[in-house]
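Engineer: task: produce atomic coordinates for the following.
(2 chains)
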Protein chains: 2
Amino acid sequence: MNAMPKLQPPSAETLLALTSIVGERYAVRDTEDMAPYLTEWRDRYRGKATLVLKPGSLDDVSRILKCANEARIGIVPQGGNTGLVGAQIPDESGTQIVLSLERLTGIRDMDLASNTMTVEAGLTLAGAQEEAARAGRLFPLSLASEGSCQIGGVLSTNAGGLAVLAYGNARDLALGLEVVLADGRVWNGLKALRKDNTGYDLKNIFIGAEGTLGVITAAVLRLFPPPVERVTCMAALADLEDAPALFTHIQGAAGPMLTAFEILPRIGIAFAVKHGNDLRDPFEAPHPWYVLFELSSPITGQNIRALAETQLQAALEAGQIKDAVVSQSAAQAAELWRLREIMSEVQKYEGGSIKHDVSVPIARVPEFIDKANSLVERMIPGARPVPFGHLGDGNIHYNVSQPADMEKEAFLSNWEALNAAVHDIVLDLGGSISAEHGIGRMKRDLLPGAKGEVAMNLMRSIKASFDPNGILNPGKLL
Amino acid sequence: MNAMPKLQPPSAETLLALTSIVGERYAVRDTEDMAPYLTEWRDRYRGKATLVLKPGSLDDVSRILKCANEARIGIVPQGGNTGLVGAQIPDESGTQIVLSLERLTGIRDMDLASNTMTVEAGLTLAGAQEEAARAGRLFPLSLASEGSCQIGGVLSTNAGGLAVLAYGNARDLALGLEVVLADGRVWNGLKALRKDNTGYDLKNIFIGAEGTLGVITAAVLRLFPPPVERVTCMAALADLEDAPALFTHIQGAAGPMLTAFEILPRIGIAFAVKHGNDLRDPFEAPHPWYVLFELSSPITGQNIRALAETQLQAALEAGQIKDAVVSQSAAQAAELWRLREIMSEVQKYEGGSIKHDVSVPIARVPEFIDKANSLVERMIPGARPVPFGHLGDGNIHYNVSQPADMEKEAFLSNWEALNAAVHDIVLDLGGSISAEHGIGRMKRDLLPGAKGEVAMNLMRSIKASFDPNGILNPGKLL
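Structural biologist: Sure thing, here's the model as predicted:
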């Protein structure tokens, strides 16, 4: 069923043809120059490639794919190389070619009345944010890797991040796409429309497809009025069970002004305070759980600080929370957010960590964490769960730090078995085994179990009709 | 390329098998009983059918499609039969079978903490709104046909309506689907998740596919906190050119509280006042254009009336508007909205009307209307354009009433030629020839010209792999 046509190593003649499309300068063959494109920052995936091609135009991309398709050469599209599941790294065969979009950084259009901008795939996310800000607008997608990750990659992985609660995933922030298909044909779907009911939704097929169905070269992005008031709050909870109700309560009171809602466990705060530079616990006493949330508004006079204080006071009186702080300055807000942002990083100082990027319906987050924690204690006694993340989206980064007295390698040898058992709980609760990072190489073998045969068949049939020779990002996702 | 396998009229044996799946009572064969399923309310499309089947369960739907697929019988899925492009009506051959989802009306789940509800396809939109309201939530999709249209149809056509500006299209309001495929297999994609990056986006392929790729049997819908404050405003403009800037201005001031923004022409108000029962012009003097907008908020204390008044005062002083009214009661708000809602209906009293459901980028709406009006005057001198609609989404219902002194039939004979010429302008401005009504039978022949060969090829390949025998809604969309 999944049998794809055989791919070939490129012949000398094909390499010459591909090189001549972009010119010698942008066809990288030197081992050292290729190195940054063949491994990722955690050094978890390493690949080999015949060539790294850096096209300078849509036409270059089209000619490269046409040539590669005819010669049956595997093409690995790459953005900022910040993906966490290995989708952007070639395999070890040394027969694939990396297609870096980094030179396509143009702003093709800025339409303030329509609140859209059309940008090329190689623009960094931070670059897109800055371009929007210069025009007095907000492009709300926000990720840890925003300085390096690129719009094409962000769309190909349907990136999420901190602002999904208010603004949606990458998918929700793109109105149109330009995509080069496997055989070099160009689909121009660069519509800047909120409403367009003319046939099947091609845009959303390419978004999140991890470069396996086509190469995104440009996109029309949605812009928003920027926030002019913002306040960050942190509350301490006796019990995680109280978090979903608190979320409902704050959302009911703040409506669309609630723009982020995260949870953090005690152990995470302890790690952050112990290992983070100058970070301190905002509360006098320790508490089992914390929520960190943000209210913001694009219009003035909303008095969101008073709103936050009133709601937190009511939650305190109702016993829903035990303590609370409200940021009094941008610096204080940044300090609170640092506790959240450093969560993954500080785990490194506590030895090995086994990670999961999962989601469940919001109401079931406490049940999920409870069940997963029991499982961890049964499977690896003494291991220390550090679950945190976007409660407002039901997206939990269920990370588990090793027992203090265990060998790192021995602990990490449980990775796959623990993943499998945690994912079983997630699926049982109607959740997803990859909330925002995608499938890539890392979760490819887990996909059939998570999706079931019907969905896998549909996906395989889409792949077969969009990329019949299987040249696009071979061995990823499906 | 588009050659689909030959479909068959059902044999007596197959009819018996299909009837036995739902039982005699729900297999309608009587001509009179079938009639309501074979024509639509404007009587624009009339079809014939061998049978109208009314399955009572997911399993029924699955068995019907399996049987029809094996026997190569065309199946026309039907919801509330309110579609405007003929997608829900069988052809004239009398060999097709209508599959009505009307008996699948269950509420499968209501999850207030996650703000989702899972409902079956045959529930009416009004039923879904009421169910949400009973739980203290808002299901924001709102259409003229909401009393009759059903969730399955609403999703299959990606319905839009009045609340798209704030809440998005039907597509944006569904988190998951359950779909029966052409061969009877069931895809269970009923996830209630904001974040789920596990492979291709199957959900969005079925949404807006007009029943040509599968039959939606249930959906997980998003719920929102209901508005507690609401104010409706109408402003008079000297020039439509001022409307996009006014929209940007109000959106900048009201942020997410701006939940609708419509435009109406002078002639539309004149028609409404002339033909509408008890409707009156809210302004003393006539004006060339009007905007009708709504501010609403799910939280109290927002003082949106003062906000509206301040902004309208500023727009008056800046000369952006000539006059304005702000609703002082729910009754007054309803009266203003009646002027908008009656717009299509009152045209009937002025003779024939040629209609277009199009969208362009917001900034280009005035240019579009200007060009289209000149075109109309060239093609049919004396014809009276009545363009109105959702400026906030760039979606204009470009309706044209006949010249007062022309024969209705003579005027209507221009329908296709005028459509073609207006659509050329729309496409030239980067717009869509079907903003919210879909393609169905009405615009099927226009689709290739609007989408181009690459998009058509991709859509045909999806159709061929999802429904290889072409039994699902044959002759619609593609």
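
Engineer: how about the helices in the stretch 201-350 of chain A?
Structural biologist: With DSSP state H, counting those that start in this stretch as the criterion, the stretch 201-350 of chain A has helices at A:202-206, A:243-254, A:266-275, A:304-317, A:330-341, A:343-346.

Engineer: ugh, wrong one, I meant the stretch 351-478 of chain A
Structural biologist: When assigned using DSSP H, counting those that start in this stretch, the helices of the stretch 351-478 of chain A occupy the ranges A:365-379, A:408-412, A:415-428, A:447-451, A:453-466.

Engineer: for the residue in the stretch 1-150 of chain A positioned nearest to chain B, what are phi and psi?
Structural biologist: Ranked by Cβ to the nearest Cβ, the top residue of the stretch 1-150 of chain A for proximity to chain B is A:Ala113, at 3.5 Å. Backbone N, C-alpha and C define where each C-beta goes, glycine included. In this entry, A:Ala113 is assigned phi and psi values of phi -70, psi -40 (degrees, to the nearest 10).

Engineer: again with the one 5 residues further on
Structural biologist: With angles defined as degrees, to the nearest 10, A:Thr118 sits at phi -110, psi 120.

Engineer: then A:Gln96?
Structural biologist: phi -90, psi 160.

Engineer: burial measure for it, as a count.
Structural biologist: Other residues near A:Gln96 come to 27 when the count uses other Cβ atoms under 10 Å in any protein chain shown.

Engineer: what's the answer for A:Thr248, then?
Structural biologist: Neighbours around A:Thr248, by other Cβ under 10 Å: 17.

Engineer: excluding residues flanking it in the chain, which one is nearest it?
Structural biologist: In this structure, A:Thr248 finds its nearest non-sequential neighbour in B:Ala113, 5.7 Å apart by Cβ to Cβ, 6 or more residues apart in numbering or on different chains.

Engineer: identify the residues contacting that neighbour.
Structural biologist: Each residue near B:Ala113 by Cβ atoms under 8 Å, 6 or more residues apart in numbering or on different chains is listed here: A:Pro244, A:Ala245, A:Phe247, A:Thr248, A:Pro361, A:Ile362, A:Ala363.

Engineer: I'd guessed the third one sits against A:His390; true?
Structural biologist: No - between A:Phe247 and A:His390 no contact is recorded; they are 10.8 Å apart, counting by Cβ atoms under 8 Å.

Engineer: now do the strands in the stretch 151-300 of chain A.
Structural biologist: A:174-180, A:186-189, A:215-222, A:229-237, A:258-265, A:289-297 (DSSP state E, counting those that start in this stretch).

Engineer: what about the second one, near chain B?
Structural biologist: Yes - Strand A:186-189 reaches chain B (Cβ under 8 Å from any Cβ of the partner chain) through A:Val186, A:Trp187, A:Asn188, A:Gly189.

Engineer: let's have these in JSON lines, adding neighbour count and pLDDT.
Structural biologist: JSON lines is the format used below for those (neighbours: other Cβ atoms under 10 Å in any protein chain shown; pLDDT from 0 to 100):
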{"residue": "A:Val186", "neighbour count": "19", "pLDDT": "98"}
{"residue": "A:Trp187", "neighbour count": "21", "pLDDT": "98"}
{"residue": "A:Asn188", "neighbour count": "16", "pLDDT": "97"}
{"residue": "A:Gly189", "neighbour count": "25", "pLDDT": "97"}
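
Engineer: just flag the most distant two among the residues you listed.
Structural biologist: The span of the residues of strand A:186-189 next to chain B, defined through Cβ to Cβ, is set by A:Val186 and A:Gly189 at 9.8 Å.

Engineer: which neighbours do those two share?
Structural biologist: Residues within reach of A:Val186 and of A:Gly189 at once, by Cβ under 8 Å, 6+ apart, are A:Glu178, A:Val179.

Engineer: packing partners for the strand or helix carrying A:Asp60?
Structural biologist: Following DSSP states H and E, one finds A:Asp60 within helix A:58-71. In terms of contacts (3 or more Cβ pairs under 8 Å, 6 or more residues apart in numbering or on different chains; DSSP states H and E), helix A:58-71 is packed against helix A:12-22, strand A:75-78, strand A:97-100, strand A:174-180, strand A:215-222.

Engineer: mind listing what's buried in it?
Structural biologist: Neighbour-count burial for helix A:58-71 flags A:Leu58, A:Asp60, A:Val61, A:Ser62, A:Arg63, A:Ile64, A:Leu65, A:Lys66, A:Cys67, A:Ala68, A:Asn69, A:Ala71 (criterion: 16 or more other Cβ atoms under 10 Å in any protein chain shown).

Engineer: try stretch A:82-95
Structural biologist: Neighbour-count burial for stretch A:82-95 flags A:Thr82, A:Gly83, A:Leu84, A:Val85, A:Gly86, A:Ala87, A:Gln88, A:Ile89, A:Pro90, A:Asp91, A:Thr95 (criterion: 16+ other Cβ under 10 Å).

Engineer: same question, stretch A:6-21
Structural biologist: So for stretch A:6-21, counting by 16+ other Cβ under 10 Å, buried means A:Leu7, A:Pro10, A:Thr14, A:Leu15, A:Ala17, A:Leu18, A:Thr19, A:Ile21.

Engineer: in terms of helices and strands, where is the second one?
Structural biologist: Counting by DSSP H and E, A:Pro10 is held by no secondary-structure element, helix or strand.

Engineer: please report how far the residue lying closest to A:Lys408 once chain neighbours are set aside lies from A:Met379.
Structural biologist: Nearest-residue entry for A:Lys408: A:Gly352, 4.2 Å, with adjacent residues in sequence omitted and distances by Cβ to Cβ, 6+ apart. Per Cβ to Cβ, to the nearest Å, A:Gly352 is found 14 Å from A:Met379.

Engineer: which non-adjacent residue is nearest the spatially most central residue of chain A?
Structural biologist: Residue closest to the average C-alpha location in chain A (Cα atoms, centre = their mean): A:Ala159, at 3.6 Å. The shortest distance from A:Ala159 to any non-neighbouring residue, by Cβ to Cβ, 6+ apart, is to A:Ala170 (4.6 Å).

Engineer: the one you found: neighbour count?
Structural biologist: Applying other Cβ under 10 Å, we find 26 residues neighbouring A:Ala170.

Engineer: let me know the pLDDT of it.
Structural biologist: Listed pLDDT for A:Ala170 reads 97.

Engineer: now do the shared contacts for A:Phe247 and A:His390.
Structural biologist: Residues touching both A:Phe247 and A:His390 by Cβ under 8 Å, 6+ apart: A:Phe261.

Engineer: correct me if wrong: A:Trp415 contacts A:Ile354.
Structural biologist: Yes - A:Trp415 is within contact range of A:Ile354, at 5.2 Å (criterion: Cβ under 8 Å).

Engineer: who's more crowded, these two?
Structural biologist: Taking neighbours as other Cβ under 10 Å, A:Trp415 and A:Ile354 compare with A:Ile354 leading, 22 against 14.

Engineer: who's in contact with that one?
Structural biologist: A:Asn399, A:Val400, A:Phe411, A:Leu412, A:Asn414, A:Trp415, A:Leu418, A:Asn419.
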